[in-house]
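Asker: using only what follows, build the 3D model:
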Amino acid sequence: MLKKNLAPVEGKSVSLYNFAVGNPELTRLHLGRNNCGEASFYDIGEQATAFVEVETKPPSVLPKAHIVKIDTEGSEVDILERLGSFDHDVILLEYHSEANRRTIDALLGDFFLVGGEVRHLHR
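Answerer: Below is the predicted model of the structure:
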């Protein structure tokens with residue numbers, strides 16, 4: 001669906017890569033229970049039992065970027081731990097547990113939090 005939707009701009013302003021980013025040992029991507037945006041390597045309460053096998057590469061394969069957005073339904077820590085360096089101006093992300101928030105805070109100790117929203121306490 002993504003390839004079809006982006007066909008007019010592919011190769012011009014958009015490049016598509018058919019792999020997941022995160023822990024390369026994780027290859028079973030559970031589909032979202034309600035929509036495709038809930039797909040995850042982890043069961044965080046929004047995933048179906050159905051899954052697809054995917055190739056997963058470490059985040060070090062990603063090109064340099066000024067802004068990085070990580071919305072990966074539980075794999076945020078996996079990605080941050082494997083980035084190698086935080087040579088970015090802005091990192092936008094979400095987390096799914098208090099433990100993940102604390103780990104992310106430690107990993108991004110040189111960054112400043114400039115905004116946030118809590119939707120679910122204790123999640």
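
Asker: who's in contact with the spatially most central residue of the chain?
Answerer: Geometric centre of the chain, nearest residue: Thr72, 3.0 Å, by CA atoms, centre = their mean. Residues near Thr72 by CB atoms under 8 Å, 6 or more residues apart in numbering: 21-22, 40, 78-79. Heads up, the C-betas are built off the backbone N, CA and C, glycines and all.

Asker: again, only using 7 Å
Answerer: Residues counted as contacts of Thr72 (CB atoms under 7 Å, 6 or more residues apart in numbering) are 22, 79.

Asker: same deal with Ile70?
Answerer: By CB under 7 Å, 6+ apart, the contact list for Ile70 reads 76, 79, 93.

Asker: give me the number of residues near the closest residue to it other than its chain neighbours?
Answerer: In space, and not counting its chain neighbours, Ile70 is closest to Leu93: 4.1 Å by CB to CB, 6 or more residues apart in numbering. With neighbours defined by other CB atoms under 10 Å, the count for Leu93 comes to 16.

Asker: buried ones in the helix ranked longest in the chain?
Answerer: Secondary structure assigned by DSSP state H gives helix 98-107 as the longest helix of the chain. Judged by neighbour count (16 or more other CB atoms under 10 Å), helix 98-107 contains these buried residues: 100-101, 103-104, 107.

Asker: quick one: name whatever helix or strand follows the strand ranked longest in the chain.
Answerer: Longest strand in the chain, counting residues (DSSP state E): strand 47-53. Following strand 47-53 in sequence order, the next helix or strand is strand 56-57 (DSSP states H and E).

Asker: okay, now the sheet partners of that next one, with direction.
Answerer: Paired neighbours of strand 56-57 in the sheet (DSSP bridges): strand 20-21 (parallel).

Asker: now stretch 46-61, how far from the chain's geometric center?
Answerer: Chain-centre distance of stretch 46-61: 10 Å, with CA atoms, centre = their mean, to the nearest Å.

Asker: and the contacts of that stretch?
Answerer: By CB under 7 Å, 6+ apart, the residues outside stretch 46-61 that reach it are 19-24, 26-34, 38, 40, 79, 82-84.
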